[in-house]
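**Q** I would like to see how this sequence folds:
(one chain, ligands or ions: 2)
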Amino acid sequence: MRTAGGLGRLGLETVEDLLRHYPRRYGSPGEMTEIGRLVPGEHVTVMAQVRTAQVRTMRSRGGAMLEAVVTDGRDTLQLTFFAKRAGVLRMHESKLVPGRAGLFTGTVGEYRGRRQLTHPDYIIVGVDAADQDEAMLEASRPIPIYPAAASVPTWRIGRSVRTVLDPLVEEDVPDPVPEEIRKERGLPTLLEALRAVHVPDDPEDWRRGRDRMRFEEALVLQTALARRRAAREALAAVPRPRAGGRLVDALDARLPFPLTGSQREVGATIAQDLAAATPMLRLLQGDVGAGKTVVALRAMLQVVDAGGQAALLAPTEVLAAQHLRTLEQLLGPLGHGGMLGGADTATRVALLTGSQGSKARRVALAEAASGAAGIVVGTHALLSEGVQFADLGLVVVDEQHRFGVEQRDALRARGAHPPHMLVMTATPIPRTVAMTVFGDLETSLLTEKPAHRAEIATHVVPADNEAWLARAWARVREEVDQGRRVYVVCPRIDADDAPEEADALAGAPESDAGGALELDDGAGEAPKAPLASVSETAVMLGERPELAGVRIGVMHGRLAPESKDAAMAAFASGEAPVLVSTTVIEVGVDVPDATMMVVLDAERFGISQLHQLRGRVGRGSLPSVCLLVSRAEEGTVGKERLDALAATTDGFELAEKDLELRREGDVLGAAQSGGRNSLRLLRVVRDAALIDEARAVARRIVDADPELHEAPALAAAIDSWLGEDREEFLERG
Ligand code: ADP
Ligand code: MG
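**A** Numbers count the residues shown, from 1 in each chain. Ligands and ions are numbered 1, 2, ... in the order given. As a prediction, this is how the structure comes out:
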């Protein structure tokens, strides 16, 4: 059957899949699509009224054609059907009666300057009804518009859904939301909600159904998280209380700076967690430079003071080595345990990496196993390689908010008492996401940054305004003349190159233009124009009068390592004070004299990426400026992103904004976009309050009935959700 095949292509294989394939939005028969806004090439579903329809024979080609014109009351759209014989077209003609409204779906084309759909699929509102009354009702019902494909128009999905839905009775549809909770919150049953969502009588109906589905999604997810949490809390950890914190106090006494209020606060919370007999699992978020390392070190020393050991895991060997140096410097004699001149409370810090020499490695392994090293620094391999610890009490994971299942299993496999765990990240994870996805982790924020960071002023510059651009390049010259450095960032390496983007925004799905009740704005991409490339921009800048005589360097991922080093050295020394680069400078580059960054085609980058990029300037005490050159037009999401960046340098505020501007499918990554049994309706920003409530309900349910004996449908919903490779998704963190 054609429909069945088509539905399969949409990933709708079971009855449940189909019923859970919710309408994206609802058309209302009175509400027409703005035809003037249709973009050629887009696949659309349009609500419009038939104005004329006429069959003509084409003498030249010997066939027949039907031309119909539909309108939204202002603009018109032409529908064209071709056939060998006119007879076939009469069927269409009899349906396309002037005055009737319908939904038309197809790809927008242009013919002689007029927009048209060729061979559109369509449905005329209210004509399938059996009698007059039903026709009236049909004609006034909101029309569900499903995420569809060109081969499977929305109404074919709708029809299949109704075929499946109509004969169902309550017993057929076990409800994951327990009855008691439903009553408490005044929610419809699952079956009632499915009917309301798929065959609503009025907008109130589908809203009620949709809200219930949202709650259900939140409840399933939060109950899964609550169960994990309960399981974790049932484990016993060794308490490592702060009492007699000799190393902690000694470190505090020798720190060259006072701790920020934030560091103290978070420190106190962690100190408490470590003293508990259940394993800590805490996510510490703090923007780059917020001072997470000291917080981690104080926690590690508390554990050492209490007789245990701590491991600090970095994402790369280079960063592990850097951590070792930082810790040794902060500790001074406190880290020289057993050595001449070491304090008597002192411990040792060992480094374990795959690339170190076998002798150094043997020594480090011995120190870890004997307990001589209170702190062991390494990469994640440290855990999986079965390194022996005398008494591992705390694992700190740095800059990795995706700490996978294997690592956590490796930790659990370390005997009866799992260590406490602290996960640190500079990637701002908004509270709302943390709550949804990391629901079983506690989270802490380092909100305050150590003082004396320079201001970065950010401005959005329209790319098509030559006067502004000239001013921008003149400003670059001014910085250079003052002995400072300037980054110019481009999305591509050279002219015939794909963008070198790390976090390109996910493409928008099929876009329906329509009399939308819930229509998301499109991604708002600017019209396609060639993107700035490193090679072209370097040449262009060399020719700008403003920059005459200034040496310009280039940097990108395809350069040989020596060329990269040379380019960086020339930039750092000021020999080539302007560096045209791709986003490779995003990580690890630290040039304190860099005071300006110009990002070309800035709308091509995501918010977080621009935030990271911008972090390359303003590192010294000099005030800095960041110019975001863009073609994004006012009112587009792209422009809104840039405006958000111009408005704040607060990474968390930006992350929240980013979420708000993304479609739900992008928020949690591929794991939940479009697939089956995923978060279909829930959005972490908009539904934050709902998620909070669901979390409280979930904890209540799990506290009363940890195995969910009383709520089998909820248990099944969780299993099916987790079955889809979600385990890892939950394990993030
Ligand atoms: P991140 O959170 O990015 O890991 P770090 O821990 O590396 O940040 O700290 C960044 C810099 O700030 C380091 O040089 C560190 O010594 C310094 N620092 C940390 N805490 C403070 C503080 N309270 N006052 C001043 N400087 C601090
Ligand atoms: Mg750090």
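**Q** tell me the SS of V349?
**A** strand (DSSP: H, G, I helix; E, B strand; the rest coil).
**Q** give me the beta-bridge partners of it?
**A** I375 (DSSP bridges).
**Q** then R492?
**A** Under the criterion used (DSSP bridges), R492 bridges to S533.
**Q** I figured it was touching G557, is that so?
**A** No: counting by C-beta atoms under 8 Å, G557 is not a contact partner of R492; they are 11.2 Å apart. Any C-beta I mention is one placed from the backbone N, CA and C, and that applies to glycine too.
**Q** ok, the residue of the stretch 301-450 of the chain found nearest ligand 1 - contacts?
**A** Here the stretch 301-450 of the chain gets closest to ligand 1 at one residue, P450, 3.3 Å apart by C-beta to the nearest ligand atom. By C-beta atoms under 8 Å, 6 or more residues apart in numbering, the contact list for P450 reads F257, T260, G289, A290, G291.
**Q** wait, a helix at V486?
**A** No: V486: not assigned to a helix; according to three-state DSSP it is strand.
**Q** with adjacent residues omitted, what lies nearest to it?
**A** Nearest residue to V486, sequence neighbours excluded (C-beta to C-beta, 6 or more residues apart in numbering): M596, at 4.3 Å.
**Q** also K657?
**A** A644 (4.4 Å).
**Q** coming back round to it: I'd like the contacts of P450 as JSON lines, with pLDDT appended.
**A** Output for these, formatted as JSON lines (pLDDT from 0 to 100):
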{"residue": "F257", "pLDDT": "90"}
{"residue": "T260", "pLDDT": "92"}
{"residue": "G289", "pLDDT": "74"}
{"residue": "A290", "pLDDT": "82"}
{"residue": "G291", "pLDDT": "88"}
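**Q** of those residues, grab the buried ones for PyMOL.
**A** Of the contacts of P450, the buried ones can be selected in PyMOL as follows, counting by 16 or more other C-beta atoms under 10 Å:
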select buried, resi 260+290+291
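**Q** residue contacts, T52?
**A** Here T52 is in contact with E67, A68, V69, P98 (C-beta under 8 Å, 6+ apart).
**Q** what comes up buried for stretch 167-187?
**A** V173, D175, P176, V177, P178, I181, R182, L187.
**Q** pLDDT on that stretch, on average?
**A** Across stretch 167-187, the average pLDDT comes to 94.
**Q** what's in contact with that stretch?
**A** Contacts of stretch 167-187 (C-beta under 8 Å, 6+ apart): 188-191, 193-194, 211-212, 215-216, 219-220, 697, 701, 710-714, 716-717.
**Q** alpha carbons only: can I get that stretch in PDB?
**A** Extracted in PDB, the C-alpha atoms of stretch 167-187 (Å, rounded to 0.1, in the frame of the first residue of the first chain):
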ATOM      1  CA  PRO A 167     -11.700   1.900  16.900                       C
ATOM      2  CA  LEU A 168      -9.500   2.300  20.000                       C
ATOM      3  CA  VAL A 169     -11.000   2.100  23.500                       C
ATOM      4  CA  GLU A 170      -9.500   3.100  26.800                       C
ATOM      5  CA  GLU A 171      -8.300  -0.500  27.600                       C
ATOM      6  CA  ASP A 172      -6.300  -0.500  24.300                       C
ATOM      7  CA  VAL A 173      -4.200   2.400  25.400                       C
ATOM      8  CA  PRO A 174      -2.500   2.000  28.700                       C
ATOM      9  CA  ASP A 175      -1.700   5.400  30.100                       C
ATOM     10  CA  PRO A 176       1.900   6.200  31.400                       C
ATOM     11  CA  VAL A 177       0.500   9.000  33.500                       C
ATOM     12  CA  PRO A 178      -1.000   7.200  36.600                       C
ATOM     13  CA  GLU A 179      -4.700   7.900  37.200                       C
ATOM     14  CA  GLU A 180      -4.100   9.600  40.500                       C
ATOM     15  CA  ILE A 181      -1.700  12.100  39.000                       C
ATOM     16  CA  ARG A 182      -4.100  12.600  36.100                       C
ATOM     17  CA  LYS A 183      -6.900  13.400  38.500                       C
ATOM     18  CA  GLU A 184      -4.800  15.600  40.600                       C
ATOM     19  CA  ARG A 185      -3.800  17.700  37.600                       C
ATOM     20  CA  GLY A 186      -7.100  17.500  35.700                       C
ATOM     21  CA  LEU A 187      -5.500  15.800  32.700                       C
END
